[in-house]
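Peer 1: test case, fold it:
(2 chains)
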2 protein chains.
Amino acid sequence: MNSSNLDADVLVVGGGLAGVRAAAKLKAGGASVLVLEARDRLGGRTYTRSLGGGAFDFGGQFIGPGQPRMYQLIQELGLKTFGTHVFGRRIIELRGKIRTYSGTIPPLGPITLLHLHRALARSGRWSKSIPTADPWNAMDASVLDGLTLEAWQRPPRKSGNVVHRLSDTVVRTIFGADPGEISTLHYLWFVASNGGLMPLVETKGGFQQDRIVGGAQQISERIAATLGRDAVVLNAAARAIRQDENGVTVESAAGTWRARRVIVSIPLAIAGRIAYQPYLPVARDQIHQRVAMGSTVKVFATYERAFWRERGLSGEAVGTSGAISVTFDNTTHDGAVPCLLGFVAGRPARIFGTIPKEQRRAQILDELACLFGAAARKPVHYEEMDWGGERYSGGCPIGNFAPGTLSTFGDALRTPVGRIHWAGTESARQCTGYMEGAVESGDRAAAEVVAAL
Amino acid sequence: MNSSNLDADVLVVGGGLAGVRAAAKLKAGGASVLVLEARDRLGGRTYTRSLGGGAFDFGGQFIGPGQPRMYQLIQELGLKTFGTHVFGRRIIELRGKIRTYSGTIPPLGPITLLHLHRALARSGRWSKSIPTADPWNAMDASVLDGLTLEAWQRPPRKSGNVVHRLSDTVVRTIFGADPGEISTLHYLWFVASNGGLMPLVETKGGFQQDRIVGGAQQISERIAATLGRDAVVLNAAARAIRQDENGVTVESAAGTWRARRVIVSIPLAIAGRIAYQPYLPVARDQIHQRVAMGSTVKVFATYERAFWRERGLSGEAVGTSGAISVTFDNTTHDGAVPCLLGFVAGRPARIFGTIPKEQRRAQILDELACLFGAAARKPVHYEEMDWGGERYSGGCPIGNFAPGTLSTFGDALRTPVGRIHWAGTESARQCTGYMEGAVESGDRAAAEVVAAL
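Peer 2: Purely as a prediction, here's the structure:
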């Protein structure tokens, strides 16, 4: 190849965590690299904004034990973590009734706890049989993939059944989708990939344990800063990717670039919106058609004082009747900006997104007041982030493989197509769906490209 | 609005049947219209090619009673229909064993027939409760939508169970997808929308009864011919649709056009690949992410003589063990070019598409020889059409709503977004999935626009 015609050895489409990580690894491997980012900012599904003087993560924000790459990366970048606030009693709301408790076992009847334990144990047991790198090779892959999680969780649920309500809440928060939308194979793979259900749901000791001082978006920004001048082009949404025998050309909103190889590191549903020349193999195109992004709205209310702490509450709550699924104490590391964070996810997020803004605010503050007391009605700031409205993410937190997709087309998830390689947390072999998985996928894609150059 | 800046009153994105029909209705309603077609041909999922001197439909080809718009349209356009050849014995292949029969009841044991009858009756009964225009308002919509057809068809299937093998074959052929991928609500809606299961599976008296002399693509071409000079632009794939208070602009591969309104008449998955400004409402964007196109390969073998007829066979066969799900006698209307047509659909189509071309040909001819005799191994012409490789269709025959989609986002299927209206057979209120539904949707979208202009 005539290198003089190339803008870089490698182009990276997407300046989220996976993309910039891949770029950094490529640079370390001796390749020249150019990151093309659609937005006017880096970070993808991490996005830090200022609210009342504090930095808050409107996208991904938590890390925890079992995510070693993230802790190492944060340390390397000179960033600091702090623990999510967990001191005080937790709240569980069922059928409108609020109960508080300490420890990890919610105040439910013994029968309910038994059913809950059984459901958790069943997920744990089944997930152990799913290979985390290639779940499509699981023994019962096509059977599990042909059932929604809703169907797998039966015997038939009674409406209002406490275990199912809690399970819906958990699934919505993690996947941004309801159990009736999610492939059981995807669910079990996700659980397996992340070391079980407990990391997914727990704060202390789980994946919600720590936050990043100053916000998670800094990780992508600081990695990008190591790439050197002019290595990132913002506002450069990729429109077309053309391959020929000599290289690959990416046509974007900000111009056209050419390289030996390209890493596409954006959500699968969004990757499908690029025009590929030649057209993609059927399996790859189908996977772009079949992994819809979840529906998640993050809501933030900041306050003069962390009044819930004064009442002995941790700020953690699980809700099963309202829009909010889960809340956290989201106060800044220095305590300067007290904040409650709520997740509206899955079906409730879709309804929530269609009601007028003023009504949404009132509803959220009502729900927070029911959980934490009347003081919740008087925030200093109230903000929402509906990821469904984000053109370059298509939703959050993750893409969910529709039933029948992973067992049939999963192999296409990481298989390069000529000069195109694929990254992004949905393609991770460990910790899929999390920042940790994004990093893992970036490393893997970069290694593929380095080997191929 | 200053009309002098407009290229037409209405732009139609997509010159398939729904699009050109909408254009014709708009013209009849007094509006000026411009059809932008991505391909170098009209017709979308209808596509007629010459093979050995005969015109064969590589896309949609059948019509039948219960599709009045199609018969009327064909008559208006001066086209003719002819009956699909049905004379002779049918074949059913189970576990590699070939049986022939006449009439509509296959030679299966009484228990199997009873189970088959029960399965059909259950679908029929349940489908009656689904409103064909708004299935998301069915009483049990969210429950049915949360189950794959695979789960709904249980009690648990035994591998090899004859009823399930036949049911898989039927579902694959109709939807291009396996029961483990399809929402039960989508399935029942589809059945309801088309007047029951029998029209879907039957030839004489059903939707496979008639073919169009010269091919189905002529319908779109002849409608387009009535639109007047310069009313169609080919090779004009829409890349972006921008709305403002004065009109709508479509940016395409062939240029940029402006109008008062636009009808987008392409498959949902493909419509999602257009860049919309402003960004679409969440529900509409989600529906673009969640309706993957089916996997269907049509295979054609033409022969010197219709040797199967000489053996008393109709050419119709149902296969459950090989790549081919269903075959038809696809001889031209005048008998000049004898032809067998096979459908490879759902999972078998995905495997089939990845094996080398020569091997595919050998496999299909082997299967045809098993069904119809050794003479099938010596075709004059052999051709395939894998719709999964079609950039502007994304698959065939239809888009399948992933579980949880229709009940949640169905309402967005036809709801205009500002100046954008939506057509296409997936949005039809009757006969969704068929050419009849495409026409119905074109009429509906045109009426919306005429009312809005």
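
Peer 1: quick one, phi/psi of the most centrally placed residue in chain A?
Peer 2: With distances taken as Cα atoms, centre = their mean, A:Pro397 lies nearest the centre of chain A, 3.4 Å away. The phi/psi pair for A:Pro397 (degrees, to the nearest 10) reads phi -80, psi -20.

Peer 1: isn't it up against A:Gly294?
Peer 2: Yes: counting by Cβ atoms under 8 Å, A:Pro397 does reach A:Gly294; the two are 5.9 Å apart. Glycine gets a C-beta too; all of them are placed from N, C-alpha and C.

Peer 1: residue numbers of the stretch 201-350 of chain A in contact with chain B?
Peer 2: Contact residues (Cβ under 8 Å from any Cβ of the partner chain) of the stretch 201-350 of chain A with chain B: A:237, A:239, A:269, A:272-273, A:275, A:279, A:281-283, A:285-286, A:289-290, A:292-293, A:295, A:347, A:350.

Peer 1: can you do 6 Å?
Peer 2: Counting by Cβ under 6 Å from any Cβ of the partner chain, the residues of the stretch 201-350 of chain A close to chain B are A:Ala269, A:Arg273, A:Tyr279, A:Val282, A:Gln289, A:Arg290, A:Ala292.

Peer 1: out of those residues, which two sit at the greatest distance?
Peer 2: A:Tyr279 and A:Ala292 (21.5 Å; Cβ to Cβ).

Peer 1: between these two, tell me which one has more neighbours.
Peer 2: Neighbour totals were compared for A:Tyr279 and A:Ala292, and A:Ala292 leads with 31 against 15 (other Cβ atoms under 10 Å in any protein chain shown).

Peer 1: so the more buried one sits against B:Ile287, correct?
Peer 2: No: look at A:Ala292 against B:Ile287 with Cβ atoms under 6 Å: they stay out of range, at 9.2 Å.

Peer 1: all strands for the stretch 251-400 of chain A, in order.
Peer 2: In the stretch 251-400 of chain A, the segments counted as strands under DSSP state E, counting those that start in this stretch are A:255-259, A:261-264, A:275-277, A:291-293, A:296-302, A:313-319, A:324-329, A:339-345, A:381-386, A:399-401.

Peer 1: should've said the stretch 51-200 of chain A
Peer 2: A:54-57, A:81-83, A:89-94, A:97-101.

Peer 1: which one of those is the most hemmed in?
Peer 2: Across the strands of the stretch 51-200 of chain A, averaging neighbours per residue (mean count of other Cβ atoms under 10 Å in any protein chain shown) puts strand A:54-57 on top, at a mean of 22.

Peer 1: just the CA coordinates of it, formatted as CSV?
Peer 2: Only the C-alpha atoms of strand A:54-57 are listed here, as CSV (Å, rounded to 0.1, in the frame of the first residue of the first chain):
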residue,chain,number,x,y,z
GLY,A,54,-20.7,19.6,41.0
ALA,A,55,-19.7,17.2,38.3
PHE,A,56,-22.4,14.6,37.7
ASP,A,57,-22.4,11.6,35.4
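
Peer 1: that strand - contacts with which helices or strands?
Peer 2: strand A:48-51 (3 or more Cβ pairs under 6 Å, 6 or more residues apart in numbering or on different chains; DSSP states H and E).

Peer 1: export the strand it packs on as PDB, just CAs?
Peer 2: C-alpha atoms of strand A:48-51 as PDB (Å, rounded to 0.1, in the frame of the first residue of the first chain):
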ATOM      1  CA  THR A  48     -20.300  14.400  32.700                       C
ATOM      2  CA  ARG A  49     -22.100  17.600  33.300                       C
ATOM      3  CA  SER A  50     -22.000  20.300  35.900                       C
ATOM      4  CA  LEU A  51     -25.000  20.800  38.100                       C
END
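
Peer 1: only the buried residues of that strand, if you could.
Peer 2: Neighbour-count burial for strand A:48-51 flags A:Thr48, A:Leu51 (criterion: 16 or more other Cβ atoms under 10 Å in any protein chain shown).

Peer 1: with adjacent residues omitted, what lies nearest to the residue in the stretch 151-300 of chain A that chain B sits nearest to?
Peer 2: Scanning the stretch 151-300 of chain A for the residue nearest chain B gives A:Gly180, at 2.3 Å (criterion: Cβ to the nearest Cβ). Nearest residue to A:Gly180, sequence neighbours excluded (Cβ to Cβ, 6 or more residues apart in numbering or on different chains): B:Gly146, at 2.3 Å.

Peer 1: do you know the pLDDT at the one you found?
Peer 2: Looking at B:Gly146, its pLDDT stands at 96.

Peer 1: now do A:Val201
Peer 2: The predicted local confidence for A:Val201 is 92.

Peer 1: neighbours of A:Gly424, how many?
Peer 2: There are 31 residues near A:Gly424, going by other Cβ under 10 Å.

Peer 1: show me what contacts it?
Peer 2: A:Ala18, A:Ser265, A:Ser441 (Cβ atoms under 6 Å, 6 or more residues apart in numbering or on different chains).

Peer 1: so is the first one in a helix, a strand, or just coil?
Peer 2: What it means is A:Ala18. helix (DSSP: H, G, I helix; E, B strand; the rest coil).

Peer 1: that one and A:Ala438 touch, don't they?
Peer 2: Yes: A:Ala18 is in contact with A:Ala438 according to Cβ under 6 Å; the separation is 4.0 Å.

Peer 1: what stretches of the stretch 1-150 of chain A score poorly on pLDDT?
Peer 2: A:1-4 (pLDDT under 70).

Peer 1: can you give me phi and psi for the closest residue to A:Glu436 other than its chain neighbours?
Peer 2: Leaving aside its sequence neighbours, A:Glu436 sits nearest to A:Gln67 (Cβ to Cβ, 6+ apart; 3.8 Å). With angles defined as degrees, to the nearest 10, A:Gln67 sits at phi -130, psi 70.

Peer 1: this completes my enquiry, with thanks.
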